[in-house]
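A.B. asks: show me the folded form of this:
(one chain, ligands or ions: 1)
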Amino acid sequence: MLDEKRLRAVLGERPFRWYRETGSTNAEALDWLRQGAATGSLVLADEQSQGRGRLGRGWQTPAGAALALSMVLRPLPQDLPRLTMAGALAIAAMAEDAGATEVSLKWPNDVQVGERKLAGVLSEALWRGDRLVGAVLGMGVNVRVDFRGSALEGRAISLETACGHRLDRSRLLSLVVKHADFWLEQLDGDRLHCAWRQRVKLPARPVEVNGLRGMAEALGRDGALLLRADSGQLHRIYSGEMLPRPQVSDGH
Ligand code: BT5
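C.D. replies: Modelled structure (predicted):
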């Protein structure tokens, strides 16, 4: 069970705010950033009622079954796209430390085990005019969420299912924060990008991204997907959903 005392023991001197239930840890962390939170401060919740995904989508965080955390950061504007990479790499490393295999990243922000989504990352920036105040790095990990009978069954997975044994959330938290600190120190070098590129699995089959059909050819240094459209043209895509494209049967 996570509680304030346990979290203090795990997080040491790091400032944090802990909610048994809140709307979204990202929303709380953005508020705290506005109020001047120290870099590295963490917002954590046991349950989120309005967890945020990208593009207005939601993220499910049922009580007692997941990790939901958001870290306050003050990156340089040019490093903003790399926060998501750092978060995804941190979760992947944590999952492997816990014993999961077949961990990979799916462009742009999913951590998956096999073909199922284990975790999602959402970074959000706070601007005042054209000045970047800071950003929050939100990470949501399924630890023991039961997806049976839900709309996500078959598409989502929990870490305990992947590992085959019970896990301690405070231990997972300490691992993910340690790995995040490591990767967030590497925002401007090659190392982060190389590690991310190695872990992202690009499908060998045709895909559809934001209505464009083609092959996922490569990844740019800024996190863009380079999609070779059916027309032959190469597109740089910064955000979107990569969907498998149904194979057209030729009737044979
Ligand atoms: C994401 O968005 O994957 C980013 C999720 C970030 C969540 C964290 S939790 C802490 C912090 N506070 C927040 O409010 N958010 C962050 P996206 O790629 O748009 O994926 C969203 C989609 O994933 C949904 O539309 C569902 O289809 C699916 N989904 C929702 N909850 C899920 C879950 N628990 N496990 C797997 N898939 C889920």
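A.B. asks: run through the stretch 151-252 of the chain and note the low-pLDDT ranges.
C.D. replies: 247-252 (pLDDT under 70).
A.B. asks: burial measure for the residue in it positioned nearest to the ligand, as a count.
C.D. replies: Going by Cβ to the nearest ligand atom, the ligand is nearest to residue 156 of the stretch 151-252 of the chain, at 3.4 Å. No exception for glycine: its C-beta is placed from N, CA and C like everyone else's. Residue 156: 20 surrounding residues under other Cβ atoms under 10 Å.
A.B. asks: you'd agree it is up against residue 114?
C.D. replies: No: assessed by Cβ atoms under 8 Å, residue 156 is found out of contact with residue 114, at 11.3 Å.
A.B. asks: burial measure for the residue in the chain that the ligand sits nearest to, as a count.
C.D. replies: Nearest residue of the chain to the ligand (Cβ to the nearest ligand atom) works out as residue 120 at 2.1 Å. For residue 120, the count of nearby residues is 25 (other Cβ under 10 Å).
A.B. asks: in the longest helix along the chain, what counts as buried?
C.D. replies: Counting by DSSP state H, the longest helix found in the chain is helix 80-98. Within helix 80-98, the residues that count as buried by 16 or more other Cβ atoms under 10 Å are 80-95, 98.
A.B. asks: how about stretch 109-116?
C.D. replies: Under the neighbour-count rule (16+ other Cβ under 10 Å), stretch 109-116 has 109-113, 116 buried.
A.B. asks: identify the bridge partners of the residue nearest to residue 110 when sequence neighbours are not counted.
C.D. replies: Nearest residue to residue 110, sequence neighbours excluded (Cβ to Cβ, 6 or more residues apart in numbering): residue 117, at 5.2 Å. Judged by DSSP bridges, the bridge partners of residue 117 are residue 112, residue 156.
A.B. asks: who in this structure is up against the ligand?
C.D. replies: Residues of the chain that fall close to the ligand, judged by Cβ under 6 Å from any ligand atom: 24-26, 48, 51-55, 57-61, 68-70, 109-110, 117, 120-122, 138-140, 142, 145, 152, 156.
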